[in-house]
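K.L.:
got a structure for you, letters missing:
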């Protein structure tokens, strides 16, 4: 009986989405291309807002791959280790263009005014989604169980796993304007 | 040498990837030690088995079965046998110890002031090879294939970009680890020309088994010609298809990770492709370098080497052909 329950636990672990490693992604043709909305005004009833969590939102492998790609694609060149520099910080609660996964994806793919380049077509779609998952984990918005527990290199800040999401508004209080 | 009476079943091991087919002075010393250990162990094994067999087959004598103390002459005989066996064992162990220490010292004695210095950086799951030169513009970067001149000591500086790897070319030398944050080095030398396969010998993740490399030992003139060819930037495209291919490399995701000297592609995270067509293999010794394999690798690398860091690329067929035409021209 004990052996059986142990086996059951192991099986449950194997089915864990957190541990899933998808090496072969869906072909890009299967990826949706939603229109990017530059304006919030829409005719008739507005379409539901972005609520797509992204394929790697709770996937530890995807988030750790995002962490590697964040260095490889030189995101750190402007955003540093999340604290910002040339670009805005990514670990606080202030999102200029929205902090939902879909917003962050649009920011990466389409670029934003004042310096954010558009990486669409230069970075494969699954890499963009891995970056989205990682960027959200930097702000403490990803599930704790899936976030990275440690950094491979010198730690500039506590790991993503220990990051608690900031209360919106505290940021403005600290840095007025 | 000791290896001369090699057994028939060992003969099939010798060849491209074998420590028993030494191509350099160090591998020869290691090979000699190997054969010495092999013959001593074989002798000991046979002696022990013979003694065991003799003990089993020997007919019991009546008087030995009788209870009581062992006769003094039998006790002396047993003492002599045990003392002799212990003596032989000690002598043999010392022979092996001295042979091993001597081999270690001989391996460490290779050095030269006119050495060729190569920096080998291991990463998941390929090798970056950089030929050092006092003039930065004359340094050469390639991947997964080390060309060396015969008869000249080579200093290989070992580094790792992620986890621990191990550099092992059995025909040339033993294993040496590549440890992140630590600069290691190993001297190698090949005395006869040939292509010797190397392999990562420290488990380093998903595709450890497919992290191979080739060491191509050439006569010094051939090596000098090769190095001079590698110093040149990539060949400019000639045909319209090649021109289109170059534009694709520079605009598609390729350029974010790969470098092609002389073009806008200058990514540093993937293997240098400046002279891709001059190499023998693709993906760290995984595939022979043919246009068909290259096409398969570009379109779906994850089916060939699952988990590697190259993403799949969806291309129109004419774009893929243009890309292949350009990459095939990078001699």
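P.N.:
Received the coordinates, thanks. Because the structure is predicted, anything quoted here is derived from the model rather than measured.
K.L.:
Could you report the neighbour count for residue 59?
P.N.:
Let's take chain A. 25 (other C-beta atoms under 10 Å in any protein chain shown). All C-beta spots, glycine's among them, are computed from the backbone N, C-alpha and C.
K.L.:
that answer is for a different chain, and I need it for chain B
P.N.:
4.
K.L.:
Just the element for it, please.
P.N.:
Under DSSP states H and E, no helix or strand contains residue B:59.
K.L.:
can you pull the pLDDT of it?
P.N.:
On pLDDT, residue B:59 comes in at 73.
K.L.:
same thing with the one 10 residues further on?
P.N.:
Model confidence at residue B:69, given as pLDDT, is 76.
K.L.:
what about it, which helix or strand?
P.N.:
Using DSSP H and E, no helix or strand contains residue B:69.
K.L.:
tell me the SS of the closest residue to residue B:216 other than its chain neighbours?
P.N.:
Excluding the flanking residues, the one nearest residue B:216 by C-beta to C-beta, 6 or more residues apart in numbering or on different chains is residue B:147, at 4.7 Å. Classification of residue B:147 using DSSP: H, G, I helix; E, B strand; the rest coil returns strand.
K.L.:
so where's the chain uncertain?
P.N.:
Reading this off chain A. In the predicted model of chain A, residues A:12-17, A:25-40, A:46-51, A:168-177 satisfy pLDDT under 70.
K.L.:
looking at chain B here, not the other one
P.N.:
In chain B, residues with pLDDT under 70: B:1-15, B:60-67.
K.L.:
just to revisit the earlier point, so who does the residue nearest to residue B:216 touch?
P.N.:
Counting by C-beta atoms under 8 Å, 6 or more residues apart in numbering or on different chains, residue B:147 makes contact with B:215, B:216, B:217, B:218, B:223, B:226, B:227.
K.L.:
Next, the fifth one: phi, psi?
P.N.:
Which is residue B:223. Here is the backbone geometry of residue B:223 (degrees, to the nearest 10): phi -70, psi -40.
K.L.:
you'd agree it is up against residue B:154?
P.N.:
No - Residue B:223 is beyond contact range of residue B:154, at 10.5 Å (criterion: C-beta atoms under 8 Å).
K.L.:
higher neighbour count, these two?
P.N.:
For residue B:223 versus residue B:154, the count of surrounding residues by other C-beta under 10 Å is larger for residue B:154: 22 against 19.
K.L.:
Can you spell out which residues form a bridge with that one?
P.N.:
residue B:116, residue B:188 (DSSP bridges).
K.L.:
Count the neighbours of residue 43 for me.
P.N.:
No chain in the question, so chain A it is. For residue A:43, the number of neighbouring residues by other C-beta under 10 Å comes to 5.
K.L.:
wrong one, chain B
P.N.:
Neighbours around residue B:43, by other C-beta under 10 Å: 11.
K.L.:
a helix runs through it, doesn't it?
P.N.:
Yes - under three-state DSSP, residue B:43 sits within a helix.
K.L.:
which secondary structure elements does the helix or strand hosting residue B:98 contact?
P.N.:
Using DSSP H and E, residue B:98 falls within helix B:72-108. Helices and strands touching helix B:72-108, by 3 or more C-beta pairs under 8 Å, 6 or more residues apart in numbering or on different chains; DSSP states H and E, are helix B:25-57.
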